[in-house]
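Colleague: kindly return the folded structure for what I paste below:
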Amino acid sequence: MNLRYFLIMAALVCVTQAVAAPQASRLFEPAPRDDTGAFMNPVGDLSQGSLGVRVPFMLRRFGTYFRGDEGAPSLMLPKDQPIEVVDSTRATVTWVGHATVLVQMPGVTFLTDPIWSDWPSPVPFIGPRRYVSPGIAIEDLPPIDFVVISHNHYDHLDLPTLKALAKRDAKTQFLVPLGNESLLQDQGISQVHGFDWGDAMTINGSTVYCLPTQHWSKRGLADTNRSLWASWAVIGASKRFYFAGDTGYFKGFKAIGEKLGPFDLAAMPIGAYEPTLMMRSTHMNPEEAVRAAIDVRANKALAIHFGTFDLSDEPLSEPPERFKAAAVEALSVKDAWVFKIGERRAF
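Modeller: Numbering: from 1, shown residues only. All right, here's what the predicted structure looks like:
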């Protein structure tokens, strides 16, 4: 009887360690909601410009079909940097493209906002096209312990990619902000966990935190802000990583840095900031991305969310140039990383 009891308890411990361990105390308040249950930003409604700004912008998007890829990031072929097994003291990050990074930390390997599709759109061949191929083929990925999703826009929550990852490994877990669970479950993905701001779980010894950000959500005609948006932190025994997702600059970065920093590396979005009147509240420009990296107390900042897709009005080459220039003034050039797609570095 004692042996049976021991085996049952040991099994429960293993399951808890591998799947989820709820945290005893919250570091952040849950996301606010309005009277209809829609999620809100702490600062209230965000301006996305008048119709006079938005309509011309959308019309200009059709012109991207004729826009060249001048200024897009270059591609580092996978054969130039084969995937390695990370040892107990080392961590690496690979920019797959857009907001997708592959992070290997001691004990865990995970992806952020994975998208391997060529068109982040509900209708194939309509929408912003991909300029640069993913830096790694899905079949060449190492085993993925978990995936974090920042919000439900098509360039961040790509169902074809998520289905492929789930089919590839049934043990991969998918961590999404509240309200996005059914999107994945309806596609047959079962290992889905919904998170509010402040929620956390432990996977293989690393604690994953769902954290505030300033953005919005919409995937259909009548679902504006019915699902949550978030950033994520992964805190391991020896390494700490922050993924800002997609966000405008907001004072919450400082709170994240105070409560969970310093971070060894922060992945910061630097693109999709023009036209300013439409984008400023929901996307950071490169100077704001550097400021946010300092706020969260990041030792190093990796530029993401630029150049892979044609999403906005700024030239493709402008975000990384401004990011590096801003780092000269505020961070450090050697600590402000601009990768080729497919490039990998230890952190």
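Colleague: only C-alpha atoms for contact and neighbour calcs from this point on.
Modeller: OK.
Colleague: show me the residue at the heart of this structure, geometrically.
Modeller: Gly245 (3.7 Å; Cα atoms, centre = their mean).
Colleague: so what's that one up against?
Modeller: Gly245 makes contacts with 99, 113, 149-151, 230-232, 267-269, as judged by Cα atoms under 8 Å, 6 or more residues apart in numbering.
Colleague: which residues of the stretch 51-200 of the chain fall in strands?
Modeller: Along the stretch 51-200 of the chain, the stretches classed as strands by DSSP state E, counting those that start in this stretch are 92-97, 100-105, 108-112, 146-148, 173-177, 192-195, 200-203.
Colleague: want to throw those into TSV with mean pLDDT, mean neighbour count and distance to Gly52?
Modeller: Listed next are the strands of the stretch 51-200 of the chain as TSV, based on pLDDT from 0 to 100; neighbours: other Cα atoms under 10 Å; distance: least, Cα to Cα, whole Å:
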stretch	mean pLDDT	mean neighbour count	distance to Gly52
strand 92-97	96	26	32
strand 100-105	97	25	32
strand 108-112	97	22	34
strand 146-148	98	23	35
strand 173-177	98	24	32
strand 192-195	98	19	36
strand 200-203	97	22	42
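Colleague: who does Leu265 bridge with?
Modeller: Here Leu265 sits in beta bridges with Phe241, going by DSSP bridges.
Colleague: and it, how close does it get to Arg345?
Modeller: Distance, Leu265 to Arg345, using Cα to Cα, to the nearest Å: 11 Å.
Colleague: can you read off the pLDDT for Asp80?
Modeller: On pLDDT, Asp80 comes in at 62.
Colleague: how far away is Ser121 from Gly248?
Modeller: Counting by Cα to Cα, the gap from Ser121 to Gly248 is 22 Å.
Colleague: who's more crowded, the two?
Modeller: Each of Ser121 and Gly248 has its neighbours counted (other Cα atoms under 10 Å); Gly248 has more, 22 against 17.
Colleague: mind listing the strands for the stretch 201-347 of the chain?
Modeller: With DSSP E, counting those that start in this stretch as the criterion, the stretch 201-347 of the chain has strands spanning 206-211, 231-235, 240-243, 265-269, 301-304, 336-337, 344-346.
Colleague: among those strands, which comes closest to Gln104?
Modeller: strand 344-346 (9.2 Å; Cα to Cα).
Colleague: now do the closest one: everything it contacts.
Modeller: With Cα under 8 Å, 6+ apart as the test, strand 344-346 has contacts from 81, 90-95.
Colleague: what does stretch 274-294 give?
Modeller: Taking Cα under 8 Å, 6+ apart as the rule, stretch 274-294 contacts 46-50, 53-54, 57, 214-216, 246-249, 253-254, 266, 268-273, 300-301, 312-314, 319-320, 322-323, 326-327, 330-331.
Colleague: 7 Å instead?
Modeller: Residues from elsewhere that reach stretch 274-294, judged by Cα atoms under 7 Å, 6 or more residues apart in numbering: 46-49, 53-54, 214-215, 246-249, 253, 266, 268-273, 301, 312-314, 319, 322-323, 326-327, 331.
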